[in-house]
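Participant: 3D model of this:
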Amino acid sequence: MARIPYADTTRPETAALAERIVAERGEILHLYAMLLHSPPVAEGWLAFLTAIRQRCALPGDIRELVIVQVAHLNGARYEAEQHVPIALREGVTQAQLDALPDWQAAEVFGPRERAVLAYCDAMTRTIHVDPGVFADLRGHFDPRAIVELTATIGAYNMVSRFLEAIGIDSADDKGVVR
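Facilitator: Below you'll find the predicted structure:
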């Protein structure tokens, strides 16, 4: 359960942004219902995450694989709940999702996915990326893809930390004031 109430999305100062969120995301998810406490933060967040999810050239399966891995590593259940269905639509298999906790021993990942997961783990767990991990990644991706992959991993680490610090849960009633 969220540690603070969700924002009133009908307030005059948030109504236009709330409409934009619905237009871009289909609904006001719990995350955005919380972010709308601060319209400037919500607006910047929406622009950044829309760029990551919809405007980058990074393949969707790679994007969603690292988003779900970040959720797994950070214990961010809400983030995983939101992205597992997207990952499956983007071509990540259920077997791959199931193997994420022990991906190094799993046979369902090819060299490209292994390089991505090693990079994701390093960025998320230790922040500092070993030169060998980075060199392996460079063997599979051009500079633009590396920048987009790095931004995606960083962005979803931010998302999971926000979700977990505030206690956002998909079972929460967004209209309940505590």
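
Participant: Tell me where the model's unsure across this protein.
Facilitator: For the chain, the stretches with pLDDT under 70 are 175-178.

Participant: Spatially central residue (nearest the centroid) of it, please.
Facilitator: residue 156 (3.6 Å; C-alpha atoms, centre = their mean).

Participant: which SSE is the nearest residue to it once chain neighbours are set aside in?
Facilitator: Once flanking residues are discounted, residue 156 sits nearest to residue 70: 4.4 Å by C-beta to C-beta, 6 or more residues apart in numbering. Where C-beta positions appear, they are placed from N, C-alpha and C, glycine not excepted. Using DSSP states H and E, residue 70 falls within helix 60-74.

Participant: in that helix, what's buried?
Facilitator: Applying a neighbour-count criterion of 16 or more other C-beta atoms under 10 Å, one finds 61-74 buried in helix 60-74.

Participant: who's in contact with that helix?
Facilitator: 52-53, 56, 76-77, 79-80, 83-84, 86-87, 90-92, 96-97, 100-101, 103, 112-113, 116-117, 120-121, 124-125, 149, 152-153, 156-157, 159-161, 164 (C-beta atoms under 8 Å, 6 or more residues apart in numbering).
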